[in-house]
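Undergrad: Here is the input, now give the coordinates:
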Amino acid sequence: MAIYTWESEADDIFSANLLPYAPFKIILKTKDDPWFVREWFRHHAAIVGPENIVIFDNLSTDESVLSFYEEVEPSTTIVRNRFGVNHIHNIHKCPALYVALTQYCDRFCILDTDERLIMMNSPDSIAAPGDIVTALSRQQPDVFIPTLWLGNAFKSPRHMKMNAEADMINALRWGKPIISTGDIPEGFINHNCQIGKMTDKVAATSRMLLLHLKNLHPEQRISANLRKLESYGFIDVGTPAEEAIHCDPKKINKGDATYWISEIHNLLQSKDAPEQRAQMTIEDDRITYSSDIARILMTAYFENSSQFYAQADITPFQAAAER
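TA: I've put the predicted structure just below:
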């Protein structure tokens, strides 16, 4: 693998390292995540190949993570960086990356290590990894494709929450977009609702799911939230979780920070609890349901995802269906 430093090599990193040209590339943003990074790479390399994965690493120091980077396929590009945790989602913060993406791929998405991209083949089945790129190529070339962000039940990699229509709307609102390089809005485009407010070029239908395994390893989620609080200066680097939850409320001038602290507090209280179940089970290539409402909602999403767009702050337009 090739490891580069963004601050000194940004203009040169992508001149050859995003070759060959590909229909779809996947970018990982990560820091010190030994819980997920190996499985994340294995899963997404099966979709696009290791040569079409770019890892943006925010100066990890974890020995297990660094050891993994030494094992990664030589065709994978790893970029070490020290910029803000979410700068990668803004075209103005990382112009060299977005220029290169327009040159070397048709579509891309930017994911975290606790996310897994999959596609529905039917309301009861999951498509093979290799079918995802083919399905994306059938969409109009300049539209973004929303993903449905399914949160997992506590400590379960299989059980996903879908208990009411509000769950469907939130999952669609906060899913991560698969973005067309033919139309990249100039702004912050981390979630569907953010890009959805900037363009009406959205796919008429999407069968893409994004499994958000944030509840699988409590220690991982606590660590991720502590890093976010550190990056915004709400706590000092190295502050223990038990102290972070008592952070001075006067310092918290960002709504997300209140949520991060609340989540840390809840995870500290429940981290020893057993695995939980939920309304959907996704295992291997099958989807099963323990709730009628979950089946009804997922069938509706599969048949016509755009019916939920407006409620999820995604501007619908009369797009052509898949070719």
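
Undergrad: pLDDT-wise, which helix or strand of the chain ranks last?
TA: Within the chain, confidence by mean pLDDT, DSSP states H and E is lowest for helix 14-17 among all helices and strands, at a mean of 64.

Undergrad: could you give me the average pLDDT of the helix or strand following that one?
TA: Later in the chain than helix 14-17, the nearest helix or strand by DSSP states H and E is strand 22-30. Strand 22-30 carries an average pLDDT of 95.

Undergrad: Look up how far residue 37 lies from the spatially most central residue of the chain.
TA: The structure's the chain has its C-alpha centroid closest to residue 111; by CA atoms, centre = their mean the separation is 3.1 Å. Using CB to CB, to the nearest Å, residue 111 is found at 12 Å from residue 37. No exception for glycine: its C-beta is placed from N, CA and C like everyone else's.

Undergrad: Residues that sit against both of these two, list them.
TA: Residues within reach of residue 111 and of residue 37 at once, by CB atoms under 8 Å, 6 or more residues apart in numbering, are residue 28.

Undergrad: list the contacts for residue 36?
TA: Applying CB under 8 Å, 6+ apart, we find residue 36 in contact with 113, 114, 213, 217, 220.

Undergrad: Mind doing that once more with 7 Å?
TA: 113, 114, 220 (CB atoms under 7 Å, 6 or more residues apart in numbering).

Undergrad: Quick check: buried residues in stretch 301-316?
TA: For stretch 301-316, a neighbour-count test (16 or more other CB atoms under 10 Å) marks 301, 302, 305, 306, 308, 309, 312, 313, 314 as buried.

Undergrad: no wait, stretch 69-80
TA: By 16+ other CB under 10 Å, the buried positions in stretch 69-80 come out as 69, 72, 75, 76, 77, 78, 79, 80.

Undergrad: one step back: kindly indicate which of the buried residues of stretch 301-316 lies nearest residue 126.
TA: When the buried residues of stretch 301-316 are ranked by distance to residue 126 (CB to CB), residue 302 comes first, at 11.5 Å.

Undergrad: Need the three-state assignment for the closest one.
TA: Counting by DSSP: H, G, I helix; E, B strand; the rest coil, the backbone at residue 302 sits in helix.

Undergrad: For residue 175, see how far away it is.
TA: With distances taken as CB to CB, residue 302 is found 15 Å from residue 175.
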